[in-house]
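[1] Got a predicted structure plus its sequence, pasted below:
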Amino acid sequence: MTRETRTLPALAAGPVEMPSMILGWSETIARDTTWNEHSHPFHELLWNERGASTTVVGTRAWTVTPTLGLWMPAGTLHSGSAIVGTCCRANFFGFGTMTSISPAPVGVEITPLLRLLLERLADTGLPSGSRAVTEAMVLDVLTPSSRELHLNVPTSGLLRPIVEAVRENPGDPRTLAGWASHLGVSARTITRAFNAETGTSFARWVAAVRAQHAVALLTRGWEVDVVAEEVGYRSASAFGAAFRRTTGLTPGAFRAR
């Protein structure tokens, strides 16, 4: 199946005439799809009814799932991709009608309440008074999450071999000590470089890569135990615990969605 590429314009933040404060969009992706780097004049909340997608801003990459959304402030350049079968959802918030919940992209937990409110706004027959109340409730519960499936991608020459190897094969078993020996540097040097470029440790960065890869495989229908082995976990239970810490869902629950 061929990959589809879509091109959207880069627009500056600013007021746009909208029929209501919050508009919705949804699409079930028929083939693997990539969006070019673009931006919107309005704020955007990205989330999925099912499946997984990726949004990239500079060297930072977020995985969007049914429980972890992404707030994209107006005017922010970003690109994206989605796996076939993903039901993508987005809500657009009129610029100037509200204060952005964050000046930078940030993860948002798609709680059952927030999901219900956003689905209610998708009803085109909703009376204007009810819509206004629902929109106000959305703004009230829409807050940044301390948990997000997010990855900073190092770009230095020192870390590039690690980045390329682990992203190509998340099951790569090499430890920090193993990479230090392979690169001819100390483990402390690699640790300092990871902290400086990503804000996290080598181990946590590898765990994030594995979680993002696991989400993609589960979306494609892979069995949980096969995914666990593919991304480098010795058992399905260890993989399940790590996956739930990151996404809020067990691998089985995510795959069922």
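    Okay, I see it. Residues are numbered from 1 along each chain as shown.
[2] so where's the protein uncertain?
    The chain contains residues with pLDDT under 70 at 1, 97-99, 257.
[3] where do the strands sit along it?
    4-6, 22-28, 33-38, 43-50, 53-57, 60-64, 68-72, 78-82, 87-93, 106-109, 150-152 (DSSP state E).
[4] most neighbours per residue, which of the ones you listed?
    strand 68-72 (a mean of 27; mean count of other CB atoms under 10 Å). C-betas here are computed from N, CA, C, even on glycine.
[5] For Ser53, name its beta-bridge partners.
    Beta-bridge partners recorded for Ser53 (DSSP bridges): Val64, Ala82.
[6] That one is in contact with Val84, isn't it?
    No: between Ser53 and Val84 there is no contact under CB atoms under 8 Å: 11.1 Å.
[7] From what I see, Arg50 and Pro66 are in contact.
    Yes: counting by CB under 8 Å, Arg50 does reach Pro66; the two are 5.9 Å apart.
[8] Next, find the distance separating Glu197 from Ala12.
    Distance, Glu197 to Ala12, using CB to CB, to the nearest Å: 29 Å.
[9] More neighbours: which of the two?
    Per other CB atoms under 10 Å, whichever of Glu197 and Ala12 has more neighbours is Glu197, with 18 against 10.
[10] Reformat the strands of the chain into CSV and put distance to Ser181 next to each item.
    Formatted as CSV, the strands of the chain follow (distance: least, CB to CB, whole Å):
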stretch, distance to Ser181
strand 4-6, 41
strand 22-28, 47
strand 33-38, 37
strand 43-50, 41
strand 53-57, 32
strand 60-64, 28
strand 68-72, 36
strand 78-82, 35
strand 87-93, 43
strand 106-109, 35
strand 150-152, 25
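[11] Quick check: which of those strands is nearest to Val16?
    Comparing the strands of the chain by their distance to Val16 (CB to CB), the top pick is strand 87-93, with 8.8 Å.
[12] Pull the distance from the closest one to the chain's centre.
    The chain centre lies 13 Å from the centre of strand 87-93; the measure is CA atoms, centre = their mean, to the nearest Å.
[13] Give me the helices and strands touching that strand, please.
    strand 22-28, strand 43-50, helix 112-121 (3 or more CB pairs under 8 Å, 6 or more residues apart in numbering; DSSP states H and E).
[14] In the longest one, which residues are buried?
    Buried residues in helix 112-121, counted by 16 or more other CB atoms under 10 Å: Leu114, Arg115, Leu117, Leu118, Arg120, Leu121.
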